[in-house]
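1. turn this into a model:
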Amino acid sequence: MSSSIHVKNHPFRFLLYLEWALLGLSTLTAIMPAPLHRFSVRFPEMTIFSLIVFGLMGLRLPTNSKFDKVIYTALEVFLILSIGFFGGKAARLFPFLYLILVTRSCLIFKLPGRIIITILSFILFLFTLQHRLLPFRLPPPALERFRFFGLSLALLFGLSLIFVLLLMNAVLSERQSREKLAIANEKLRQYALQIENQATLEERNRIAREIHDSLGHSLTALNLQLETAVKLLPSNPTKATLFLARAKELGSKTLQDVRHSVSAMRHHPLQAQSLDQVISILAEDFQLSNNILVQYKIAVDHPLPKEISNAIYRIIQEALTNISKYANASEVNLELTTTQTINLIIQDNGRGFDLQQNTSGFGLQSMRDRTVALGGNLEIHSTNGSGCQIKVHIPLPNNNDD
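-> So this is what the prediction gives:
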């Protein structure tokens with residue numbers, strides 16, 4: 001039915017303290033003897049009981065059912081009216097009970113309900129005030145002054161009710177804003193954790209691609225050099241020595257790549273050279289290592305951003321590695337041009353493969369991931385016995401269109 005509000009976790013503990021202070025003062029007034037008979041408490045037990053029940057009701061406010069809230073408020077009104085009509089001099093403090101009623105209504109009702117309770121409190125205050133002033137018999141001049149005093153008191157009480165309503169609305173709005181901010185901060189923290197985990201996963205994948213692209217290519221070339229040297233060693237030791245020397249160079253380069261990979265893959269293949277230069281070196285090394293003719297054409301009108309240049313270099317490197325491993329080709333054609341997009345075509349005359357069965361390898365997936373990350377698309381055309389063609393199209397950045 002309701003949720004308890006304890007002293008230690010009450011959102012507005014000072015309200016409880018104020019309620020108890022006012023109700024305690026009213027209880028003492030009801031207990032103390034009255035100097036005049038007309039101010040004496042007619043039913044002191046009922047008045048004290050009503051004050052105690054009214055005070056204890058502040059510890060348990062209804063929060064769910066609208067029916068419970070209405071019943072709760074009706075019981076509060078009944079207790080206040082009982083104190084006002086039968087409380088004697090204790091009823092002098094009955095206007096403060098209406099202030100408590102409005103305060104509690106702000107905690108359990110929304111704005112329309114708060115306004116209704118405030119208006120109802122003012123009407124009941126006027127009714128109770130009129131009831132208490134009826135027994136007095138005063139001469140006309142004094143009666144006129146008394147009526148003016150009553151009107152001023154009613155106006156002051158009405159302004160007090162409005163002030164309490166506005167104050168509670170402001171306090172509750174500020175509290176709700178803090179709660180929403182806390183919820184937003186918690187969601188932001190959760191999102192930050194998700195983004196951090198996603199970034200960690202992407203970084204791991206990136207490092208895996210870098211290791212596969214750089215070390216895989218170098219180790220493949222090194223293995224081919226060593227295999228050729230082993231085959232030539234019995235018949236042609238001099239030529240075998242050349243391949244071993246080349247293998248040593250590749251081993252040194254591979255060791256350097258390992259060191260760079262361990263240091264978070266900070267090595268950039270285009271640090272000191274342009275894209276066409278590194279592609280030329282890559283093609284010459286591939287041709288020398290594999291005895292596969294590489295014909296390349298590079299027609300790039302503008303310097304490309306490092307991210308795109310590095311991706312293109314790695315895609316070409318991965319494609320050549322796959323050709324050396326699986327294609328059994330004798331010639332590779334490589335073309336890199338720029339129009340409205342960056343166009344890369346790599347074609348070999350090897351044995352090809354079935355696209356339905358051999359497009360999920362790490363190398364092809366790495367090339368596809370690099371292309372998609374730059375907003376481009378990658379196409380693979382191949383059939384058994386007719387070689388393979390890889391097409392990459394990457395949009396040019398706007399700042400390079402001038």
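2. switch to C-alpha atoms for all contacts and neighbour counts from now on
-> Noted.
3. how about the strands in the protein?
-> 2-4, 60-62, 293-299, 331-338, 341-348, 377-382, 388-395 (DSSP state E).
4. any idea which of those strands scores lowest on pLDDT?
-> Lowest mean pLDDT within the strands of the chain: strand 2-4, at a mean of 45.
5. returning to what we had before: now the strands of the chain in JSON lines, with distance to residue 234 and mean neighbour count?
-> Formatted as JSON lines, the strands of the chain follow (distance: least, Cα to Cα, whole Å; neighbours: other Cα atoms under 10 Å):
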{"stretch": "strand 2-4", "distance to residue 234": "92", "mean neighbour count": "12"}
{"stretch": "strand 60-62", "distance to residue 234": "97", "mean neighbour count": "18"}
{"stretch": "strand 293-299", "distance to residue 234": "27", "mean neighbour count": "16"}
{"stretch": "strand 331-338", "distance to residue 234": "29", "mean neighbour count": "18"}
{"stretch": "strand 341-348", "distance to residue 234": "32", "mean neighbour count": "20"}
{"stretch": "strand 377-382", "distance to residue 234": "39", "mean neighbour count": "16"}
{"stretch": "strand 388-395", "distance to residue 234": "36", "mean neighbour count": "20"}
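6. how's this protein carved up into domains?
-> Following automatic domain parsing, one finds the domains of the chain at 2-135, 273-402.
7. figure out which of the ones you listed is closest to residue 232.
-> domain 273-402 (14.2 Å; Cα to Cα).
8. my read is that residue 346 contacts residue 389, right?
-> Yes - with contact defined as Cα atoms under 8 Å, residue 346 counts as touching residue 389 (5.7 Å).
9. over to residue 374: give its phi and psi.
-> Backbone geometry at residue 374, expressed as degrees, to the nearest 10, gives phi -100, psi 10.
10. so what's it up against?
-> 308, 394, 395 (Cα atoms under 8 Å, 6 or more residues apart in numbering).
11. go on, residue 219?
-> Per Cα under 8 Å, 6+ apart, neighbours of residue 219: 250, 251, 254.
12. off-centre distance for stretch 159-171?
-> Relative to the centre of its chain, stretch 159-171 is centred 35 Å away, using Cα atoms, centre = their mean, to the nearest Å.
13. would you mark the buried spots in that stretch?
-> By 16 or more other Cα atoms under 10 Å, the buried positions in stretch 159-171 come out as 161, 162, 164, 165, 168, 169.
14. can the residues you listed go into a markdown table with extra columns for pLDDT and distance to residue 297?
-> Below are those laid out as a markdown table (pLDDT from 0 to 100; distance: Cα to Cα, whole Å):
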| residue | pLDDT | distance to residue 297 |
| --- | --- | --- |
| 161 | 89 | 86 |
| 162 | 91 | 83 |
| 164 | 87 | 82 |
| 165 | 90 | 80 |
| 168 | 85 | 77 |
| 169 | 87 | 74 |
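15. from those residues, which is closest to residue 236?
-> Of those, the one sitting nearest to residue 236 (Cα to Cα) turns out to be residue 169, at 96.1 Å.
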